[in-house]
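Asker: Test case, fold it:
(one chain, ligands or ions: 1)
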Amino acid sequence: MRNVKISAVGAWVPPRVLTNDDLARMVDTSNEWILERTGIEQRHIADPEVATSDLALEAAKAALEQRGTTAEDVDAIILCTVTPDHMFPSTACIVQHKLGAKRAWGFDLIAACSSFVYGLTTAAHLVGGGTHKKVLVIGADTMSRIIDYQDRATCVLFGDGAGAFLIEPGGDDEQGFIGFRNEIDGSGAEVLRMPAGGSRMPPSHETVDKRLHFVHQEGQAVFKFAVKRMGEISAQLLAQHDLKPEQVKLMIPHQANRRIILACADRLGMPHENVLINIERFGNTTAGTIPIATNEAYATGRLHKGDIVLFAAVGAGFTVGANLWRWMF
Ligand code: UT7
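Answerer: Predicted structure coming up:
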């Protein structure tokens with residue numbers, strides 16, 4: 001496998017902000033409860049006419065602009081999302097057209113909150129195998145479209161947003177992609193899902209009346225699994241590459257809950273200052289969290305050439321993933 005690197009990062013979130021106090025006027029909750037249990041202060045929400053492809057497009061444009069390259073150079077687009085514009089065609093097709101990425105093929109990747117990590121692994125192998133030179137991995141979700149704003153247990157958690165990485169071959173001394181561990185534990189499929197709208201339970205008046213087109217979650221079951229497996233898989237990946245937690249400059253985990261992230265960091269023996277947390281401003285943007293956080297880390301000078309970065313996530317499925325990369329710009 002040839003060397004592979006992340007060559008650019010971009011992100012975009014819609015401007016409108018929904019604060020905890022706003023939510024407290026909609027459901028029986030409070031700023032104190034949300035802050036203490038999740039670490040979230042606010043989240044960004046897309047206007048009604050904005051869909052996932054619109055968020056994805058802006059993030060992709062930002063990454064291409066940062067790299068100083070054009071859409072025509074992109075070979076493939078991996079669009080990570082659980083909130084596609086439509087069931088089909090894929091949102092990758094819509095973004096390919098809007099972006100003008102005339103040569104690119106691509107597909108949507110559904111692994112919920114682990115989607116972006118899975119997308120990174122996939123892109124690393126497309127590029128590492130020698131068949132692709134520029135792969136855009138976009139994590140984009142408009143969670144507000146599938147959230148029940150009458151359900152206080154879920155509506156406080158999620159926000160909308162997108163981020164994108166450009167993945168390219170690395171030079172001889174540029175081994176950006178170090179390794180990965182991804183897995184699925186499908187026994188957890190029931191505890192976090194959108195029950196209706198697919199082939200199992202197609203849309204009907206009944207599914208709408210029963211509010212089955214929204215996210216349904218058993219919060220504590222997901223919490224416990226996430227704390228256990230996100231830490232374990234990260235430790236296993238580090239051990240596989242003979243790396244100690246202190247050699248990781250920055251851990252950029254999926255942002256689902258501040259308490260989950262800190263518990264994982266503690267289990268891993270990672271100092272909290274080496275773990276990026278920005279959930280307070282964005283909430284859980286599902287596939288968007290890791291690239292949005294990475295974009296922020298780079299923009300604020302927390303990532304430098306040569307730094308080892310650990311991306312880790314747990315999501316519905318359950319899906320679990322961790323990727324190790326060396327930052328190359
Ligand atoms: O990335 C996708 C994966 N999703 C996650 O990683 C989410 C994982 N789960 C969590 O982050 C947490 O389980 C939650 C933040 C969802 C909930 O926190 P918790 O500490 O597990 O609370 P809980 O579900 O045990 O609920 C405790 C109490 C309950 O009341 P009672 O039964 O003790 O009277 C809930 O009804 O808090 C109540 N509650 C709320 N109260 C005020 C639940 N949601 C709210 C709310 N405001 N928004």
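Asker: Give the buried residues for the longest helix anywhere in the chain.
Answerer: Assignment by DSSP state H gives helix 219-240 as the longest helix of the chain. Neighbour counts using 16 or more other Cβ atoms under 10 Å place 222-223, 225-227, 229-235, 237-238 of helix 219-240 among the buried residues. Where C-beta positions appear, they are placed from N, C-alpha and C, glycine not excepted.
Asker: Including distance to the ligand and pLDDT, could those residues go into JSON lines?
Answerer: Shown next, in JSON lines, are the buried residues of helix 219-240 (distance: Cβ to the nearest ligand atom, whole Å; pLDDT from 0 to 100):
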{"residue": "Val222", "distance to the ligand": "4", "pLDDT": "97"}
{"residue": "Phe223", "distance to the ligand": "4", "pLDDT": "97"}
{"residue": "Phe225", "distance to the ligand": "9", "pLDDT": "97"}
{"residue": "Ala226", "distance to the ligand": "5", "pLDDT": "97"}
{"residue": "Val227", "distance to the ligand": "9", "pLDDT": "96"}
{"residue": "Arg229", "distance to the ligand": "11", "pLDDT": "96"}
{"residue": "Met230", "distance to the ligand": "9", "pLDDT": "96"}
{"residue": "Gly231", "distance to the ligand": "13", "pLDDT": "95"}
{"residue": "Glu232", "distance to the ligand": "16", "pLDDT": "96"}
{"residue": "Ile233", "distance to the ligand": "15", "pLDDT": "97"}
{"residue": "Ser234", "distance to the ligand": "16", "pLDDT": "97"}
{"residue": "Ala235", "distance to the ligand": "19", "pLDDT": "97"}
{"residue": "Leu237", "distance to the ligand": "20", "pLDDT": "98"}
{"residue": "Leu238", "distance to the ligand": "22", "pLDDT": "98"}
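Asker: Helices along the protein, start to end?
Answerer: Along the chain, counting by DSSP H, helices occupy 20-24, 31-38, 52-67, 91-99, 115-128, 152-155, 205-209, 219-240, 258-268, 279-282, 289-299.
Asker: Which one of those lies nearest to Asp185?
Answerer: helix 219-240 (7.6 Å; Cβ to Cβ).
Asker: now that closest one against helix 258-268, angle please.
Answerer: 30 degrees (axes from the mean of the first three to the mean of the last three Cα atoms, to 10 degrees).
Asker: Helix 219-240 to helix 115-128, inter-axis angle?
Answerer: 30 degrees.
Asker: to the chain's geometric centre, what's the distance from helix 219-240?
Answerer: Computed by Cα atoms, centre = their mean, to the nearest Å, the separation of helix 219-240 from the middle of its chain amounts to 16 Å.
Asker: cool, and stretch 241-249?
Answerer: 23 Å.
Asker: what residues does that stretch touch?
Answerer: Here stretch 241-249 makes contact (Cβ atoms under 8 Å, 6 or more residues apart in numbering) with 178-179, 235, 238, 268-271, 274, 303-304, 307-310, 324, 327.
Asker: if you set the cut-off to 7 Å instead, what comes out?
Answerer: Ile178, Gly179, Leu238, Leu268, Gly269, Met270, Asn274, Asp307, Ile308, Val309, Leu310, Leu324 (Cβ atoms under 7 Å, 6 or more residues apart in numbering).
Asker: Report pLDDT for Ile78.
Answerer: pLDDT, Ile78: 99.
Asker: My guess is it contacts Ala124. True?
Answerer: No: using Cβ atoms under 7 Å as the test, Ile78 is too far from Ala124 to be in contact (10.8 Å).
Asker: I'd guessed Ala46 sits against Pro14; true?
Answerer: Yes: here Ala46 reaches Pro14: they are 4.3 Å apart, a contact under Cβ under 7 Å.
Asker: Find residues that contact each of the two.
Answerer: Leu55, Asp160.
Asker: So for the two, which sits in the more crowded spot?
Answerer: Ala46 (24 against 19; other Cβ atoms under 10 Å).
Asker: residues contacting that one?
Answerer: So Ala46 contacts Pro14, Leu55, Thr142, Ser144, Asp160 (Cβ under 7 Å, 6+ apart).
Asker: Much appreciated, bye for now.
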